[in-house]
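# I would like the atomic coordinates for the input below:
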Amino acid sequence: MCLIIASETGKLIDYDVVQRGFDDNPHGWGIMKSDGSRIRASRGMDLKSFEAAYKDLNGEPYVIHFRWATHGTKGLDNCHPFKVNKKLYMAHNGIMSENVVPQPRKDMSDTWHYAQKLRRLGLHSTNLKENLSEIEKDIGSTNKLAFMTADGRIEIANRRAGVEHNGAWLSNDWSLYEIESWGRYAHTWSKTPKRLNVKPAPNSWEQAAASGKGTYDACEGCGHFGWLVQTDFDDFPWSNTDTPLLCDECVRQAQACRDYATLFDAENDAVEPPLHHFENDPRREQFDRLLCEMSKH
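Residues are numbered from 1 along each chain as shown. Okay, here's the model as predicted:
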């Protein structure tokens, strides 16, 4: 899973959080910033080039993206941000199926294809805000987009699905944990995770409470804080209840594991741990392809 870090005030967050974002997403980085009249974007694949670009941030609005590849080749061409037009760029966290956007070029990522779609639809910095809710409906709740305009304005689709941390918005909270190592299951820690001054994005708690359909707490599947829903996955081996509270990502992946249990050699129909926490698992690429296929139906 990728990571977006965005700050309209230009405030830099703890570098250890940034470092974990880089380490956990090894397929390239990108930074876009505004000088007040235009967007300057840089991209790279290695830590040295990232550190040089990061040190060049000097209080201007910025968006940082770390990539975990799911579509397209692994190289600079697919590093975010992507240009919608000269006054509007975007970065993405999530997976877009071909139901959201056709992807005829297999060498290019789902995000690249979506940027082309928005360009064809005539999205500009001047009409971005009024179209943000339509973009959210189009991409679904599990995808997040950070847009930057030439004058330094940042608009985020599905902002409530991220977290606020020290003056910046993060598309997920995984890099806010200090974890020595993972056990076999996501709930098994060799070291208690350290939570670093994180709070839910604006309105996430209120919306969950008001809807009566969720709550903001630690996911019983992966342990990360977020907007949770009650489920019927009573075969979760690490849950003490028949109706565990799970985040959107765990729900999607648990359902996929249940539907394709034989792929993961599940014993007695038990659901395997969510694979989005096992970055080096060789089954991940195959699993991501299955999720894309499932989303078409």
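
# which residue ranges form the strands in the stretch 51-200 of the chain?
Taking DSSP state E, counting those that start in this stretch as the test, the strands found in the stretch 51-200 of the chain are 62-66, 82-85, 88-93, 144-149, 154-157, 163-165, 168-170, 199-200.

# now distance to residue 116 and mean pLDDT too, for those strands, in a markdown table please.
Bear in mind the C-beta positions are built from the backbone N, C-alpha and C, glycine included. Shown next, in a markdown table, are the strands of the stretch 51-200 of the chain (distance: least, C-beta to C-beta, whole Å; pLDDT from 0 to 100):
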| stretch | distance to residue 116 | mean pLDDT |
| --- | --- | --- |
| strand 62-66 | 18 | 98 |
| strand 82-85 | 9 | 96 |
| strand 88-93 | 11 | 97 |
| strand 144-149 | 14 | 97 |
| strand 154-157 | 17 | 97 |
| strand 163-165 | 30 | 90 |
| strand 168-170 | 25 | 95 |
| strand 199-200 | 33 | 43 |
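
# in a markdown table: these, plus distance to residue 46 and mean neighbour count.
Converted to a markdown table, these look like this (distance: least, C-beta to C-beta, whole Å; neighbours: other C-beta atoms under 10 Å):
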| stretch | distance to residue 46 | mean neighbour count |
| --- | --- | --- |
| strand 62-66 | 13 | 28 |
| strand 82-85 | 20 | 20 |
| strand 88-93 | 19 | 26 |
| strand 144-149 | 23 | 25 |
| strand 154-157 | 26 | 21 |
| strand 163-165 | 25 | 19 |
| strand 168-170 | 22 | 24 |
| strand 199-200 | 33 | 16 |
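
# need these in a markdown table with distance to residue 137, can you?
Formatted as a markdown table, these follow (distance: least, C-beta to C-beta, whole Å):
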| stretch | distance to residue 137 |
| --- | --- |
| strand 62-66 | 22 |
| strand 82-85 | 18 |
| strand 88-93 | 16 |
| strand 144-149 | 13 |
| strand 154-157 | 10 |
| strand 163-165 | 22 |
| strand 168-170 | 21 |
| strand 199-200 | 22 |
